[in-house]
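Trainee: Please work out how this folds:
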Amino acid sequence: MPDTVPNLRDLHGIPVEGGVVAPGRLLRSAAPAVGDLAPVGVPWPPTAVVDLRSASEIEPEHPLADHAAIHRLPLLGALRPGAARPSDLTGLYRVVVESAGPMLVDVVRAVATSPGPALVHCAAGKDRTGISVALALLLAGADVDDVVDDYLETGRHREAIDARLTAIAGHDHRQTLPAAFFETKAEAVLSVVEVWSAHDGGVHGWFQAAGGTVDDVERLRGHLRGDTMGA
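Mentor: Okay, the predicted model is just below:
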């Protein structure tokens, strides 16, 4: 039976510099699938989709390709081949931030330049999506507590996420990774906030060191506030 994409939410209402995130500007979710029903109360379909999954996870054509510009940005593909894989989320998140800085800049740019709703997703909409959304919100001036609250919201959708991923895999997907990787803990997202905050110039200094610009941040803020609505 068709369903809506799991773990989908509109981040409207979060305070940022100069206002709040407007409705229909930044969405996040687990992986969409062909045949998903249009969600109730969320602007749909998006005009831009940032797909953070790796090549082994994606379909020949994205389910939303007929409606949106698709930006394929496989964050885990930036990890060094042969490097030891972290054993928990804190380690994983830090490695992603350390390895995929330029790609995270591209995520921000894809969101900032979307003419309408921008959807950021990976497989579950928790880890790669959580890092990317946290970066966008912090650059826009959101409070860390709001970033953490949004991240933790994913934990409430665990059952629906598991059902979607198991259906895609054809078997219990939870057998493929240690149990620690299925947790949703504040410490994980706070670990990358600490990396960004410790950088010279904070999160903005980190973003510029990774290749971002002040103009990118201004466009992001304008998009999130809805200043460019309809552009």
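
Trainee: Helices of the chain, residue ranges please.
Mentor: 89-99, 101-112, 128-140, 144-153, 158-169, 186-198, 202-209, 214-225 (DSSP state H).

Trainee: who touches residue 67 in this structure?
Mentor: Applying Cβ atoms under 8 Å, 6 or more residues apart in numbering, we find residue 67 in contact with 45-47. Bear in mind the C-beta positions are built from the backbone N, C-alpha and C, glycine included.

Trainee: ok, and the most crowded of the residues you listed?
Mentor: Tallying neighbours with other Cβ atoms under 10 Å puts residue 46 at the head of these, with 24 neighbours.

Trainee: And the pLDDT at that one?
Mentor: Note on residue 46: pLDDT of 98.

Trainee: Now for the chain, the helix or strand with the poorest mean pLDDT.
Mentor: helix 158-169 (a mean of 86; mean pLDDT, DSSP states H and E).

Trainee: Return the distance of that one from the chain's centre.
Mentor: Centroid separation between helix 158-169 and its chain, computed with Cα atoms, centre = their mean, to the nearest Å, is 18 Å.

Trainee: got a markdown table for the helices of the chain, with mean neighbour count too?
Mentor: Below are these laid out as a markdown table (neighbours: other Cβ atoms under 10 Å):
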| stretch | mean neighbour count |
| --- | --- |
| helix 89-99 | 19 |
| helix 101-112 | 21 |
| helix 128-140 | 26 |
| helix 144-153 | 17 |
| helix 158-169 | 16 |
| helix 186-198 | 18 |
| helix 202-209 | 18 |
| helix 214-225 | 19 |
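
Trainee: averaging pLDDT over each of these, which comes out lowest?
Mentor: Among those, helix 158-169 scores lowest, at a mean of 86.

Trainee: which secondary structure elements does it contact?
Mentor: Counting contacts by 3 or more Cβ pairs under 8 Å, 6 or more residues apart in numbering; DSSP states H and E, helix 158-169 is packed against no other helix or strand.

Trainee: which residues touch the nearest residue to residue 157 once chain neighbours are set aside?
Mentor: Here the nearest residue to residue 157 in space, its sequence neighbours aside, is residue 7; by Cβ to Cβ, 6 or more residues apart in numbering that works out to 4.2 Å. When contacts are counted by Cβ under 8 Å, 6+ apart, residue 7 touches 28-30, 124-126, 154, 157, 160-161.

Trainee: mind putting those in CSV, distance to residue 61 included?
Mentor: Shown next, in CSV, are the contacts of residue 7 (distance: Cβ to Cβ, whole Å):
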residue, distance to residue 61
28, 22
29, 18
30, 18
124, 21
125, 20
126, 24
154, 26
157, 26
160, 24
161, 23
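
Trainee: Among the residues you listed, which lie within strands?
Mentor: Residues of those located in strands (DSSP state E): 28-29.

Trainee: The contacts of residue 7: which two are farthest apart?
Mentor: The most widely separated members of the contacts of residue 7, counting by Cβ to Cβ, are 28 and 160 (14.1 Å).

Trainee: Now stretch 107-126 - C-alpha only, CSV.
Mentor: C-alpha atoms of stretch 107-126 as CSV (Å, rounded to 0.1, in the frame of the first residue of the first chain):
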residue,chain,number,x,y,z
VAL,A,107,24.8,20.9,-0.1
VAL,A,108,24.3,24.4,1.3
ARG,A,109,24.6,25.9,-2.2
ALA,A,110,21.9,23.5,-3.6
VAL,A,111,19.5,24.5,-0.8
ALA,A,112,20.3,28.2,-1.1
THR,A,113,19.7,28.3,-4.8
SER,A,114,16.5,26.3,-4.9
PRO,A,115,13.6,28.3,-6.3
GLY,A,116,11.2,26.6,-4.0
PRO,A,117,11.1,23.8,-1.4
ALA,A,118,14.5,22.1,-1.0
LEU,A,119,14.5,18.5,0.2
VAL,A,120,17.6,17.1,1.9
HIS,A,121,17.6,13.3,2.3
CYS,A,122,19.7,10.2,2.6
ALA,A,123,18.5,6.7,3.4
ALA,A,124,17.0,7.2,6.9
GLY,A,125,17.1,11.0,7.0
LYS,A,126,19.1,10.8,10.2
